[in-house]
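1. Kindly return the folded structure for what I paste below:
(one chain, ligands or ions: 1)
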Amino acid sequence: MIEAISAVNEGHVIAYGDDDITARAVKLFKKHFGKDVAVYFVFGGTGANVLGLKAITKPYQAVICAETAHINVDECGAPEKFTGCKLIALATPDGKLRIEQIEPLMHVFGNEHHVQPRVVSISQASEMGTVYTKQELKALAQFAHDNNMLLHVDGARIANAAASLNVALKEITTDAGVDVLSFGGTKNGMMYGEAVVFFDERMAHDFKYIRKQGMHLPSKMRYISGQFEALLSGDLWRRSAAHANRMARLLGSELEKVPGIKLTQPVEANGVFAVVPKQFIEPLQKKYFFYTWNEAISEVRLMCSFDTTEEDVQEFVALVRRTVK
Ligand SMILES: Cc1ncc(COP(=O)(O)O)c(C=O)c1O
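-> Sure thing, here's the model as predicted:
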């Protein structure tokens with residue numbers, strides 16, 4: 001990525017994305033997602049989610065999401081502040097929304113006393129490291145569309161999901177009926193930069209104004225575009241994501257063998273969720289940074305990335321073994 005940034009750091013180009021590098025990067029998005037997508041680069045993931053949602057909602061509407069969704073718990077209320085929408089957050093055992101949970105909310109349509117559900121927002125891969133299958137995505141999109149709603153995907157880890165399912169990006173987005181996607185660059189190895197992808201150009205009609213007003217129009221766009229080019233022109237995006245997933249599977253299977261440690265979710269992407277007895281968490285955190293995900297059950301979240309090595313995993317597991325002994 002540093003090389004990619006360096007490579008586009010030649011001479012002068014027009015600012016705000018009106019440059020050849022950005023044109024090439026946009027073309028690559030069209031190659032991966034289909035020629036009709038509209039693509040806008042932004043600085044970060046919260047911005048991608050908030051502005052993507054803003055483009056497709058009105059303030060009296062609602063966004064239905066999982067209780068664990070980044071938009072619900074990790075964006076400091078930005079989605080509510082900038083869209084004006086109420087988030088309806090539903091509890092899920094594994095971070096994945098299911099149609100049966102959304103269905104009971106559909107009776108409020110037309111009732112002026114209630115916010116009007118407009119968007120179903122899911123995270124792929126989910127915040128609990130699980131992955132929606134193609135069939136699940138299609139069914140959610142169909143359900144949303146049948147109820148005059150749209151399907152938004154927080155794809156901060158969409159590359160991990162595609163690698164996990166061994167499918168093309170298009171198969172779990174365009175072909176599944178997704179309407180708006182936050183495409184994650186940062187968690188796939190970019191230094192910074194995400195993209196908002198609209199699968200129907202008409203939804204992107206006002207987006208250039210929304211992005212600018214939302215303070216996410218990068219003047220030196222080429223440094224984001226150059227990174228996306230490096231990621232998407234070959235298979236770097238898939239190799240990096242598949243590697244992170246593989247390391248997570250290794251970490252999961254090794255941790256499972258440690259007495260007293262219990263995995264709480266299947267390892268389907270690059271995250272491992274495990275119950276670690278409370279007294280051991282702090283000693284482990286002295287050496288490794290990780291979050292306690294759920295204090296109540298002493299569950300931690302461990303994430304692997306494109307540069308996690310097998311030695312990293314083995315060293316961590318060895319420390320866990322020594323600590324819990
Ligand atoms: C599911 C999810 N969405 C979006 C983001 C992006 O957030 P940021 O605004 O930090 O780039 C993250 C980062 O942790 C995430 O985990």
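
2. OK, contacts around the residue lying closest to T133 once chain neighbours are set aside?
-> Distances taken as Cβ to Cβ, 6 or more residues apart in numbering put L165 closest to T133, at 6.9 Å, once the chain neighbours are dropped. Quick note: C-beta positions are derived from backbone N, CA and C, even for glycine. Shown in contact with L165 (Cβ atoms under 8 Å, 6 or more residues apart in numbering): V131, T133, K134, E171, I172.

3. Now the buried members of those.
-> Among the contacts of L165, those classed as buried by 16 or more other Cβ atoms under 10 Å are V131, I172.

4. which pair in the contacts of L165 spans the largest distance?
-> Farthest apart among the contacts of L165 by Cβ to Cβ are V131 and E171. That separation is 12.6 Å.

5. what about the strands in the stretch 101-250 of the chain?
-> 116-123, 150-155, 180-184, 194-198 (DSSP state E, counting those that start in this stretch).

6. can you put these in CSV and add mean neighbour count, mean pLDDT and distance to the ligand?
-> As requested, the strands of the stretch 101-250 of the chain are exported to CSV (neighbours: other Cβ atoms under 10 Å; pLDDT from 0 to 100; distance: least, Cβ to the nearest ligand atom, whole Å):
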stretch, mean neighbour count, mean pLDDT, distance to the ligand
strand 116-123, 24, 98, 5
strand 150-155, 27, 98, 5
strand 180-184, 28, 98, 7
strand 194-198, 26, 98, 7
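
7. possible to save those as TSV with distance to G77?
-> Shown next, in TSV, are the strands of the stretch 101-250 of the chain (distance: least, Cβ to Cβ, whole Å):
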stretch	distance to G77
strand 116-123	15
strand 150-155	16
strand 180-184	17
strand 194-198	19
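
8. For A15, find the nearest of those.
-> Closest to A15 of the strands of the stretch 101-250 of the chain is strand 194-198 (Cβ to Cβ; 18.2 Å).

9. name the helices or strands packed onto the closest one?
-> In terms of contacts (3 or more Cβ pairs under 8 Å, 6 or more residues apart in numbering; DSSP states H and E), strand 194-198 is packed against helix 20-33, strand 38-42, helix 45-55, strand 180-184, helix 207-213.

10. Where does the prediction get shaky in the chain?
-> Applying pLDDT under 70 to the chain flags no residue at all.

11. Tell me which residue is most central in it.
-> Geometric centre of the chain, nearest residue: A156, 2.2 Å, by Cα atoms, centre = their mean.

12. still on that earlier bit, can you put the helices and strands packed on strand 194-198 in JSON lines and add distance to F273?
-> Shown next, in JSON lines, are the helices and strands packed on strand 194-198 (distance: least, Cβ to Cβ, whole Å):
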{"stretch": "helix 20-33", "distance to F273": "29"}
{"stretch": "strand 38-42", "distance to F273": "29"}
{"stretch": "helix 45-55", "distance to F273": "20"}
{"stretch": "strand 180-184", "distance to F273": "19"}
{"stretch": "helix 207-213", "distance to F273": "34"}
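
13. Return the residues of the stretch 151-300 of the chain in contact with the ligand.
-> D154, A156, T186 (Cβ under 6 Å from any ligand atom).

14. State the distance from the nearest residue to the first one once chain neighbours are set aside to D18.
-> Just to be clear, that refers to D154. Excluding the flanking residues, the one nearest D154 by Cβ to Cβ, 6+ apart is S123, at 4.3 Å. Per Cβ to Cβ, to the nearest Å, S123 is found 32 Å from D18.

15. How about H113?
-> Distance from H113 to D18, by Cβ to Cβ: 47 Å.

16. With neighbour numbers in mind, choose between these two.
-> Between H113 and D18, counting by other Cβ atoms under 10 Å, D18 is the more crowded of the two (10 against 5).

17. Helices along the stretch 51-200 of the chain, start to end?
-> 70-73, 78-83, 99-102, 134-146, 158-165 (DSSP state H, counting those that start in this stretch).

18. Please identify the most buried of those helices.
-> Highest mean neighbour count of the helices of the stretch 51-200 of the chain: helix 158-165, a mean of 27 (counted as mean count of other Cβ atoms under 10 Å).

19. Show me which of the contacts of L165 is closest to the ligand.
-> V131 (12.7 Å; Cβ to the nearest ligand atom).

20. tally of neighbours for whatever residue of the chain ends up closest to the ligand?
-> Among the residues of the chain, G45 lies closest to the ligand, at 2.2 Å counting by Cβ to the nearest ligand atom. By the criterion of other Cβ under 10 Å, G45 has 25 neighbours.

21. Could you list the buried residues of the lengthiest helix in the chain?
-> Ranked by number of residues, the top helix in the chain under DSSP state H is helix 236-256. Applying a neighbour-count criterion of 16+ other Cβ under 10 Å, one finds 236-238, 240-252, 254-255 buried in helix 236-256.

22. Deepest in the core, which of the helices and strands packed on strand 194-198 is it.
-> Comparing the helices and strands packed on strand 194-198 by mean neighbour count (mean count of other Cβ under 10 Å), strand 180-184 ranks first with a mean of 28.
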